[in-house]
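Enquirer: Sequence first, then the predicted structure:
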Amino acid sequence: MEQMPLPRRAARHPLTMNARCRTAAGMRDEAFISDISTHGCCMETRSLHLSIGVRVIVKPEGMEGITGTVRWINGHCAGIAFEAPLYGPIVAHLIANNPDRLRTAPHARLR
C-alpha cells in the first residue's frame, strides 16, 4: 500500500549515495539514497519489499548502520525516519562528498 510522504522535521538535501538495507527480519538488498537530513532519508532498493512501519538498518557506503523506520512508500522508494538524529556535520560531510549526480547521469540509479 502506497502512502504519500508526511511533513519532515528537517530539510532533506539531494545527494547520490550507495547503501545497503537490512530489515529486522534479516532480508537484505543494495540500496540507493537520493536525499538525506539529520532525521531521515529517501531510499530506493532493487527488490526488497518494504512496508510502512518496518524497522530497517540503512548502511550508507563507508558508514556504520543507521536504524530507522519506514514512514512512507512510493513504488520502490521509501522514506526512512532515523531512530536517532544524525550529527549535523556528518550529514554535511555526506552531502559534500556525494553530490547529486543524477541531474547529469540518470543511469546512475539502481535500475
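Expert: Arrived safely, thanks for sending.
Enquirer: Could you measure from the residue nearest in space to the middle of the chain over to E61?
Expert: Taking Cα atoms, centre = their mean, the centroid of the chain lies closest to M43, which sits 3.2 Å from it. Separation of M43 from E61 (Cβ to Cβ, to the nearest Å): 13 Å. No exception for glycine: its C-beta is placed from N, CA and C like everyone else's.
Enquirer: Now for these two: what residues contact both?
Expert: Applying Cβ atoms under 8 Å, 6 or more residues apart in numbering, one finds that M43 and E61 are jointly contacted by A19.
Enquirer: which strand of the chain spans the most residues?
Expert: In the chain, ranked by residue count with DSSP state E as the criterion, the top strand is strand 13-23.
Enquirer: Which is the succeeding secondary structure element to it?
Expert: Counting by DSSP states H and E, the next helix or strand C-terminal to strand 13-23 is strand 28-36.
Enquirer: Listing partners with orientation, what would you give for that next one?
Expert: Here strand 28-36 has these sheet partners by DSSP bridges: strand 13-23 (antiparallel), strand 40-45 (antiparallel).
Enquirer: quick one: contacts of the shortest one?
Expert: Identification of contacts with strand 40-45 by Cβ under 8 Å, 6+ apart yields 8-10, 12, 19, 21, 29-36, 58, 68, 71, 76-82, 109-110.
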